[in-house]
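# Quick one: sequence and predicted model below, then my questions.
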Amino acid sequence: GNSVTQMEGPVTLSEEAFLTINCTYTATGYPSLFWYVQYPGEGLQLLLKATKADDKGSNKGFEATYRKETTSFHLEKGSVQVSDSAVYFCALRGSGGYNKLIFGAGTRLAVHP
Amino acid sequence: DAGVTQSPTHLIKTRGQQVTLRCSPKSGHDTVSWYQQALGQGPQFIFQYYEEEERQRGNFPDRFSGHQFPNYSSELNVNALLLGDSALYLCASSSGGRHGDETQYFGPGTRLLVL
């Protein structure tokens, strides 16, 4: 079945450091891929998405490229801020219509001044 | 434009009780999905409602049931609560209509504690 694997956290960085959070997936067909972010005590916010191979999703300085050959959708940001501290979830939606979202376990990011 | 809203924000119940959680979708959205997020884990899909019918269900027992109203709002009911039902319950709405392939937007969640 479909699944998502994320790198384990926590990831601890200094402000202005480069961020990479790895995400790989297993799915049949052509899933859509998402990154959601969850700030403490809140629900999930959509960060970015990509719906086909080689698409690059971007938002608020974050980027991720849909790589079908490596079944990956790694999240990157060139210069993190303290306000980026949160839990990041990679998710996929299978192809074929009205499919559920399948989430990874989440990666906690802590950014220190 | 209001986003997805959920009520209540927090709830404490005891084992064996029943609970109802409520969700109002984002304006213009017609599809509601429910997820359970246990502490330290990713959300798990419970079920999805469209046109007042459950059209997809995850691996959850029949104790979990739902309803969608004509105004697209939805309820999640859990009967015979267990300690393991303690979690954050998230509602997500989308405008995928018949195919449900639009992006899902999440509410703030209802945190349920079962004692």
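Here it is on my side, so go on. These numbers were taken from a predicted model, which means no experiment stands behind them.
# Surely residue A:100 touches residue B:44?
No. Using CB atoms under 8 Å, residue A:100 makes no contact with residue B:44, being 9.2 Å away. For glycine as for every other residue, the C-beta is placed from the backbone atoms N, C-alpha and C.
# Mutual contacts of these two, please.
With contacts defined as CB atoms under 8 Å, 6 or more residues apart in numbering or on different chains, the residues shared by residue A:100 and residue B:44 are residue B:58.
# Who has more neighbours out of those two?
Remark: of residue A:100 and residue B:44, residue A:100 carries more neighbours, 24 against 19, as counted by other CB atoms under 10 Å in any protein chain shown.
# how far away is that one from residue B:34?
For residue A:100, the distance to residue B:34 equals 10 Å [CB to CB, to the nearest Å].
# Now list whatever residues contact both of these two.
Residues touching both residue A:100 and residue B:34 by CB under 8 Å, 6+ apart: B:45, B:48.
# Checking my notes, residue A:29 in a helix, right?
No. Counting by DSSP: H, G, I helix; E, B strand; the rest coil, one finds residue A:29 to be coil, located in no helix.
# residues near it, how many?
Neighbour number of residue A:29 under other CB under 10 Å is 9.
# I'd like to know how far the residue lying closest to it once chain neighbours are set aside sits from residue A:3.
Spatial nearest neighbour of residue A:29, chain neighbours left out: residue A:95 (3.8 Å); criterion: CB to CB, 6 or more residues apart in numbering or on different chains. According to CB to CB, residue A:95 stands 15 Å off from residue A:3.
# How about residue B:22?
From residue B:22 over to residue A:3 (counting by CB to CB), the distance is 31 Å.
# more crowded one of these two?
The residue with more neighbours, out of residue B:22 and residue A:3 and counting by other CB under 10 Å, is residue B:22; that gives 16 against 12.
# and the residue nearest to residue A:29, helix, strand or coil?
Secondary structure, three-state DSSP: residue A:95 is coil.
# so it touches residue A:30, yeah?
Yes. Applying CB under 8 Å, one finds residue A:95 in contact with residue A:30, separated by 4.8 Å.
# Just give the closest residue to residue A:18, not the sequence neighbours.
The shortest distance from residue A:18 to any non-neighbouring residue, by CB to CB, 6+ apart, is to residue A:78 (6.0 Å).
# That neighbour: neighbour count?
11.
# What parts of chain A come near chain B?
A:4, A:32, A:34, A:36, A:42-46, A:49, A:89, A:91, A:93, A:97-106 (CB under 8 Å from any CB of the partner chain).
# what does the model give residue B:102 for pLDDT?
pLDDT recorded at residue B:102 is 76.
# What's the separation between it and chain A?
If you measure residue B:102 against chain A using CB to the nearest CB, to the nearest Å, the figure is 10 Å.
# Distance of that residue relative to residue A:72?
Separation of residue B:102 from residue A:72 (CB to CB) stands at 24 Å.
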